[in-house]
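Enquirer: for reference, the sequence and a predicted model appear below.
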Amino acid sequence: MTIKDLVLLLLSVFANVSGQVFLKTGALKLADAAPLKIFSLIQSIVMVPELLVGLTFYALGAIAYILLLSKVDLSVVGPATSLVYVCSVLIGYFVFGETISSNRLLGLGLIVCGVILVVWQR
């Protein structure tokens, strides 16, 4: 993986994490939406700017991921994008005040080690 590919990977991860943050923020505003009334739910989603921004970030992340897949093996890119999980947990902790249990912390460490092993080239 070249430096250019690594930047594209980090861009994809950043876009996906940003999308999650905006979707979470927007979803907190949808707490009163009735999930069984699909048209009402769609209307509510369209009216919350954070949700539209989150979906836009997801689209940008998908574009970056597709570009990355055109240059790097899926067996490397797929596991490397699991950094999204690590970033999501950290943002959940720092931004939304969620707790991180010791089991979750151990799991995050294993993910990071796994990504390093998958991406590392000699």
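Expert: On my side now, so go ahead.

Enquirer: need the next SSE after whichever helix in the chain runs longest, C-terminal direction.
Expert: Using DSSP state H to assign secondary structure, the helix with the most residues in the chain is helix 3-29. Downstream of helix 3-29, the next assigned helix or strand under DSSP states H and E is helix 38-46.

Enquirer: can you pull the buried residues of the longest helix of the chain?
Expert: For helix 3-29, the buried set under the neighbour-count rule, 16 or more other CB atoms under 10 Å, comprises 5, 8-9, 11-26. Where C-beta positions appear, they are placed from N, C-alpha and C, glycine not excepted.

Enquirer: so where's the protein shaky on pLDDT?
Expert: Applying pLDDT under 70 to the chain flags residues 32-36, 122.

Enquirer: quick check: angle from the longest helix of the chain to helix 38-46?
Expert: Going by axes from the mean of the first three to the mean of the last three CA atoms, to 10 degrees, helix 3-29 is angled at 120 degrees with respect to helix 38-46.

Enquirer: who are the neighbours of helix 3-29, in terms of helices and strands?
Expert: helix 49-69, helix 83-94 (3 or more CB pairs under 8 Å, 6 or more residues apart in numbering; DSSP states H and E).

Enquirer: among the ones you listed, which is nearest Leu105?
Expert: Proximity to Leu105 (CB to CB) singles out helix 83-94 among the helices and strands packed on helix 3-29, at 8.5 Å.
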